[in-house]
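Chemist: coords please:
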Amino acid sequence: MAIKKDGDKWLADVRPQGVDGKRYRRKFSTKFEATQYEKHLLATAHNKEWLEKPADRRHLSELIDLWWKYEGQSKKTSEAYLKELRLVDKELSYPKVYQITHKLLTDYRMKQLNAGKAMTTFNRKMNCLSNVFTVLINVQEYHGDHPVKGFKLKHPKSREMAFLSVEEINQLLSSLNGDMLKIAKISLATGARWGEAENLRGANVMNGRVTFIDTKNGKDRTVPISEELEKEITNGKAGRLFQSCYSDFYTVLKSCDFELPKGQAAHVLRHTFASHFMMNGGNILTLQKILGHATITQTMSYAHFAPDYLQDAVRFNPLNKLI
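Modeler: Residues are numbered from 1 along each chain as shown. Here you go, the predicted structure:
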């Protein structure tokens, strides 16, 4: 093996498997390139890529345990994530790793949809399963092909986001009391998710601002509130302001019979804030910051509530230019 000057080039002359092995000769413009080529040949000389890798006969549950060890327990919603993976393992009938194929996942999706599960629910499960293999490949605990990679997720049909009218807001607030009422007012005033408002502490509310921490995207978010609302919700407390009461709120909300679409009860107050914000002339970029959306695409679903939405179609269409 040698790297030597050959005219104006550098020649890499390498026999990575010894004098009886295959000889590789290649010229490069720089010595560095020739050296890197030599290192590559030496590192891969004994790879037998033409041989089929043995099937991974470990159970998926074993890989889930490894994923938990290396990354799962450090995730923000670790317990919920693990619970989701255990459910996937059960619904797939506790497969061995080599049995996880696109065909298996396609059949799984069909069964889930036939059972009335939402497409978003299935997609979330696939993202969780994919993360297991991605993590274990990175830490070299799994050496096969990524079984979820390339499996195409289907986007669910867009659902109309329900919001409450002014009359419905008054009806709901008049039916609430105690912590339920205060949390609902915070959500309606700031667009906060129920959990973000419910977990507030006195230290998070001061000087006419409420700061939501431990949010869905992991970033703190601060939104101004009125002096009256600040006094009502803090009441001199420094620690946690409210008791957990979503189930009670849900019961009251259902009793109001607002005919909300399935699955939207948890976010109806957030949608109501955003919808009325735009109808009252709010700026879409400001709304993005208030809601904490990572991209404007998420916030654009509320754009059609703006009073002047698409009015340019009337002003600027070519018919208006005709004489």
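
Chemist: Stretch 219-234 - what's its average pLDDT?
Modeler: Along stretch 219-234, the predicted confidence averages to a pLDDT of 91.

Chemist: Could I get the buried residue list for it?
Modeler: Across stretch 219-234, burial judged by 16 or more other C-beta atoms under 10 Å covers 221, 223, 225, 229-230, 233-234. (C-beta placed from N, C-alpha, C; glycine too.)

Chemist: go on, stretch 140-147?
Modeler: Applying 16+ other C-beta under 10 Å to stretch 140-147 flags 142, 147 as buried.

Chemist: again with stretch 178-193
Modeler: 179-193.

Chemist: neighbouring contacts of it?
Modeler: 169, 172-173, 176, 194, 197-198, 200, 210, 212, 215-216, 223, 225-226, 229, 232-233, 241-243, 245, 248-249, 252, 266-267, 269-270, 272-274, 277, 287, 290-291 (C-beta atoms under 8 Å, 6 or more residues apart in numbering).

Chemist: Apply 6 Å and report the result again.
Modeler: Outside stretch 178-193, the residues that touch it by C-beta atoms under 6 Å, 6 or more residues apart in numbering are 176, 197-198, 212, 223, 225, 229, 233, 242-243, 245, 248-249, 269-270, 273-274, 290-291.

Chemist: Among the residues you listed, name the buried ones.
Modeler: With neighbours counted by 16+ other C-beta under 10 Å, the contacts of stretch 178-193 contain buried members at 176, 197-198, 212, 223, 225, 229, 233, 242, 245, 249, 269-270, 273-274, 290-291.

Chemist: among those, which are in strands?
Modeler: Judged by DSSP state E, strands contain the following of these: 212, 223.

Chemist: per-residue pLDDT, the closest residue to residue 240 other than its chain neighbours?
Modeler: The shortest distance from residue 240 to any residue other than its chain neighbours is 5.3 Å, reached at residue 201 (C-beta to C-beta, 6 or more residues apart in numbering). According to the predicted model, the pLDDT of residue 201 comes to 92.

Chemist: now the one 10 residues further on
Modeler: Note for residue 211: predicted pLDDT of 93.

Chemist: so how far is residue 69 from it?
Modeler: Counting by C-beta to C-beta, to the nearest Å, the gap from residue 211 to residue 69 is 34 Å.

Chemist: swap in residue 14?
Modeler: Using C-beta to C-beta, we find residue 14 at a distance of 40 Å from residue 69.

Chemist: These two: which has the busier surroundings?
Modeler: Remark: of residue 14 and residue 69, residue 14 carries more neighbours, 23 against 13, as counted by other C-beta atoms under 10 Å.

Chemist: partners of that one in the sheet?
Modeler: residue 24 (DSSP bridges).

Chemist: quick one: it and residue 22, what's the gap?
Modeler: 9 Å.

Chemist: Chain neighbours aside, what residue packs nearest to residue 307?
Modeler: For residue 307, the nearest residue in space outside its immediate sequence neighbours is residue 281; the separation is 6.3 Å by C-beta to C-beta, 6+ apart.
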